[in-house]
Every structure is written in structure tokens, then in C-alpha cells.
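In: Sharing a sequence plus its predicted fold:
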Amino acid sequence: MKTPKRIQPLVEDGLVDEVISQLMSGKEATVYKVRCGHEIRCAKVYKDAAKRSFKKAVQYQEGRKVRNSRRARAMEKGSKFGRQQQEDTWQNAEVDALYKVAAAGVRVPKPYGCFDGVLLMELITDEEGDVAPRLNDVSMSAEQALEDHAVVMQDVVKMLCAGLIHGDLSEFNVLVDEYGPVIIDLPQAVDAAANNNAKSMLDRDVRNMTEYYGQFAPELLGTRYADEMWALYEEGELQPDTQLTGEFDDPEDNADVDSVLEEIKAALEEEQERQERIRAADAGEDD
């Protein structure tokens, strides 16, 4: 296919030899299948901030540290230079998160670097060598659902122990290869200790995955893994190999009507965002 404008500099620099096809177009990026020497990889081309439809970006950026003080000041002021720095920080955040969670033992695509808003990374394939399907396109037995849900919950624990929460984890951001789930799309990963929305994002990530696997194994729907993880995390007792039970008892003094109302409101917003993700995914497949 014709080389997209954003990938052309990588071709000129010898990082990419050929663009084979477009894999998908989502709310934040378009992903292409590319050839790099003898390897087939994927190139994720981030959309400009003005074209991204990813909502509530400020919530995700809270707590992200910028080492260069000049850049930090420019980002706070919102100058043209500052907006560019903010965009660079957003794009490089995924590379940083991929390296960090991979080191923690989470199965994610191997990154090869981010070049001018284009992330080169490993192409996840199935047993036949074709592009691995997203989880939302996969059906399974109850036994398989329980097994894969346990794997994803342990991956969420490993990420949390590494100080990160995915922030947008759902059946649309997990691929399935011959070895099981592979987590993708981490540009919005948040700092668990520095972001005030961390707990609610963890709740949403875990709920999304539990509800999907719960279609095949309904016994999962009554579990409370997020509450269990967060309680252990706050107490400093969560370890990467912690064996979770999915059970959690609310403290007796925790009956707060306002909190319940906030949870209901959050659930409604999450369902709306879920529907938008489905529509975005359908639109991407049509492109």
C-alpha cells in the first residue's frame, strides 16, 4: 500500500522497509502492518491531539513527571512549545509503560522505539502467523474464561506493583495469541501513587475484564478483585505473586450514601464510554 505520510520519514531512515496494510484505526491512533528487514512488525501512528477522540485525557496525565523543568513550565502555560511537549510526553508514555510492565512480567508487545509520533513494536500473531484477534472477537469455554481471567488479574497486580494502572483496559485492548492474553494500548497508563483517579480506574479496568469473561463463566461476576488488590496495595502487602481470592468485605463504617451515588454515576459514565468504544471499534473495522 502507499506509505502514509507519517511513516515516510521512518522509511527514509531505514527503520521501515515497507508498509503492508492497515490493521485498525482507533480513537487515538492508526496501526499498520510493516516490514522491517526480515521481520514483520506493527507501526502505531498516533493521531494529533486535535483529532484524537480520547476523553478525559487530563485525568490520565495527572501525576506524570516531566524531568526537564523548562518543558514542565511550558506544558503548564499551554504555549505552542508546551503543547508539543505534552504531545511528545503522551506518545512516549506508551513506550515507557511497555518497557516497565514487560520488566514486571506482563505479556505486552515488545517495543522498538517511538519516532516522531510513530511507535514501532512487535506484531502479535496467532498459531497460523496471522494477526492475533482482539479478545472481543473470541469466545471460549467457562474453563478457559476462568483461566484467562486469572492471568489478566495477575497481570493487573504485576502492573500495580510496578506502580502503573492501565486505565483503559477492556476486551478491545487485549489480544489473544496461542499462549493467551496479551495486553496492548498503554499510552494512558497512570501512576498508581500519584493520580487521584487511580482507584476508580483500577475498578473500571477490573470490571471491564470481569464482565467480559463473566459472559462465559458467570461465577466471576460476583468477585471483587479490584477492592482486594487496592486494599493490599494501600497496606503495602501486594506482591507480584500474591494469590488473590476475589473476595472482599467492606468495613462496617463504609456505608456512605454519597459514595454509593458516585459509584452509580461512574458506572453510568463507564457504560456510555463502553458503548463508544464498541462504536469506535466497529468504525475502525469498517475503515
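Out: Done, it's in. Numbering: from 1, shown residues only.

In: that's a helix at Asn136, yeah?
Out: Yes: counting by DSSP: H, G, I helix; E, B strand; the rest coil, Asn136 is found in a helix.

In: thought it was touching Glu171?
Out: Yes: Asn136 lies in contact with Glu171 (CB atoms under 8 Å); the separation is 4.0 Å. For the C-beta atoms, the positions are set from N, CA and C on the backbone; glycine is no exception.

In: out of those two, which sits in the busier spot?
Out: Applying other CB atoms under 10 Å to Asn136 and Glu171 shows that Glu171 carries more neighbours, namely 22 against 15.

In: Was I right to think that one contacts Pro133?
Out: No: the pair Glu171 / Pro133 is not scored as a contact, 10.7 Å apart, by CB under 8 Å.

In: if we can go back for a sec, identify the contacts common to Asn136 and Glu171.
Out: Tyr212 (CB atoms under 8 Å, 6 or more residues apart in numbering).

In: could you pull out the strands for the stretch 151-287 of the chain?
Out: Assigned by DSSP state E, counting those that start in this stretch, the stretch 151-287 of the chain shows strands spanning 164-165, 174-177, 180-183, 190-191.

In: wait, the stretch 1-150 of the chain
Out: Here the stretch 1-150 of the chain has its strands, by DSSP E, counting those that start in this stretch, at 18-25, 29-36, 39-46, 111-115, 118-122.

In: Let me know which of these is the nearest to Asp96.
Out: strand 111-115 (9.1 Å; CB to CB).

In: In JSON lines: the strands of the stretch 1-150 of the chain, plus distance to Lys199, mean pLDDT and mean neighbour count.
Out: Output for these, formatted as JSON lines (distance: least, CB to CB, whole Å; pLDDT from 0 to 100; neighbours: other CB atoms under 10 Å):
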{"stretch": "strand 18-25", "distance to Lys199": "30", "mean pLDDT": "95", "mean neighbour count": "15"}
{"stretch": "strand 29-36", "distance to Lys199": "27", "mean pLDDT": "96", "mean neighbour count": "20"}
{"stretch": "strand 39-46", "distance to Lys199": "28", "mean pLDDT": "96", "mean neighbour count": "20"}
{"stretch": "strand 111-115", "distance to Lys199": "28", "mean pLDDT": "92", "mean neighbour count": "17"}
{"stretch": "strand 118-122", "distance to Lys199": "28", "mean pLDDT": "96", "mean neighbour count": "21"}
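
In: count of residues packed around Met153?
Out: When neighbours are counted by other CB under 10 Å, Met153 registers 22.

In: pLDDT weak spots in the chain?
Out: Low-confidence segments of the chain (pLDDT under 70): 49-90, 252-258, 284-287.

In: hmm, 50 instead?
Out: Scanning the chain for pLDDT under 50 picks out 51-54, 56, 58, 60, 62, 64, 66, 71-72, 74-75, 82.

In: so who does Leu23 touch?
Out: Val31, Tyr32, Lys33, Cys42, Val131.

In: Trp230 contacts Ser200, doesn't it?
Out: No: between Trp230 and Ser200 there is no contact under CB under 8 Å: 10.2 Å.

In: higher neighbour count, the two?
Out: Neighbour count, other CB under 10 Å: between Trp230 and Ser200, Trp230 has more, with 20 against 17.

In: can you count the residues close to the closest residue to the more buried one other than its chain neighbours?
Out: Leaving out its chain neighbours, the residue that sits closest to Trp230 by CB to CB, 6 or more residues apart in numbering is Lys199, at 5.6 Å. By the criterion of other CB under 10 Å, Lys199 has 17 neighbours.

In: Over to the one 10 residues further on?
Out: With neighbours defined by other CB under 10 Å, the count for Met209 comes to 28.

In: for the strands of the stretch 1-150 of the chain, which one sits closest to Leu164?
Out: strand 111-115 (14.7 Å).
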